[in-house]
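**Q** Task: produce atomic coordinates for the following.
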Amino acid sequence: MKKAVATITTKLKVELYFIAFLCVSAVSVELLSLCSALRPSSESVAHWFQRSGAVTSIFSAFAQYRVGNFLESIRGGTFAESWCLYDLFKTKQYVMSWVIAAITLWGAFVWGYGDLLVEFIER
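**A** Numbering: from 1, shown residues only. Here you go, the predicted model:
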């Protein structure tokens, strides 16, 4: 029984790491968009940064989907012992949900106004 719980716990930790990787990737896309080596010469930095907001939104939507599935996998049933995983991971799931929400809002902002933001900073 303990070995089964340890295996499930390890799988859930790996899933959390993957969700965190998606969040880091979502933010990294915007940072990489500012790199001139990765930008087509016909594009301005401002417009390329703005386009990165769309990719950020896609990564964060996928992360939100995964964190929703994560919540379903830790929810317990009708017996008290089935809630042990929920008690173990509920705070991490809650924090990840808020981080993903913030990244999603930032991605939407960049997608809509990223060019104006870069132009404002360049002044």
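**Q** pLDDT weak spots in the chain?
**A** Low-confidence segments of the chain, defined by pLDDT under 70: 1-2, 4, 77-82.
**Q** Give the buried residues for the longest helix anywhere in the chain.
**A** Across the chain, the longest stretch assigned as helix under DSSP state H is helix 84-122. Neighbour-count burial for helix 84-122 flags 85, 89, 92-93, 96-97, 99-100, 103-104, 106-107, 110-111, 114-115, 117-118 (criterion: 16 or more other CB atoms under 10 Å). Yep, even glycine has a C-beta here, placed from its N, CA and C like the rest.
**Q** What of stretch 44-63?
**A** For stretch 44-63, using 16+ other CB under 10 Å, the buried residues are 45-53, 55-57, 59-60, 63.
**Q** closest to Cys23 among these?
**A** Distance to Cys23 across those (CB to CB) is lowest for Ala63, with 5.7 Å.
**Q** tell me the SS of that closest one?
**A** helix (DSSP: H, G, I helix; E, B strand; the rest coil).
**Q** Which ones among the buried residues of stretch 44-63 lie within helices?
**A** The members of these that map onto helices under DSSP H are 45-53, 55-57, 59-60, 63.
**Q** So which of the residues you listed is the closest to Val14?
**A** Ala63 (14.7 Å).
**Q** Need the CA coordinates for stretch 58-69. PDB is fine.
**A** C-alpha atoms of stretch 58-69 as PDB (Å, rounded to 0.1, in the frame of the first residue of the first chain):
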ATOM      1  CA  ILE A  58      -1.100  29.100 -25.600                       C
ATOM      2  CA  PHE A  59       1.400  27.800 -23.100                       C
ATOM      3  CA  SER A  60      -0.600  29.100 -20.200                       C
ATOM      4  CA  ALA A  61      -3.800  27.700 -21.500                       C
ATOM      5  CA  PHE A  62      -2.200  24.300 -21.800                       C
ATOM      6  CA  ALA A  63      -0.800  24.600 -18.300                       C
ATOM      7  CA  GLN A  64      -4.300  25.500 -17.000                       C
ATOM      8  CA  TYR A  65      -5.700  22.400 -18.600                       C
ATOM      9  CA  ARG A  66      -3.000  20.300 -17.000                       C
ATOM     10  CA  VAL A  67      -3.500  21.900 -13.500                       C
ATOM     11  CA  GLY A  68      -7.200  21.200 -13.800                       C
ATOM     12  CA  ASN A  69      -6.500  17.600 -14.600                       C
END
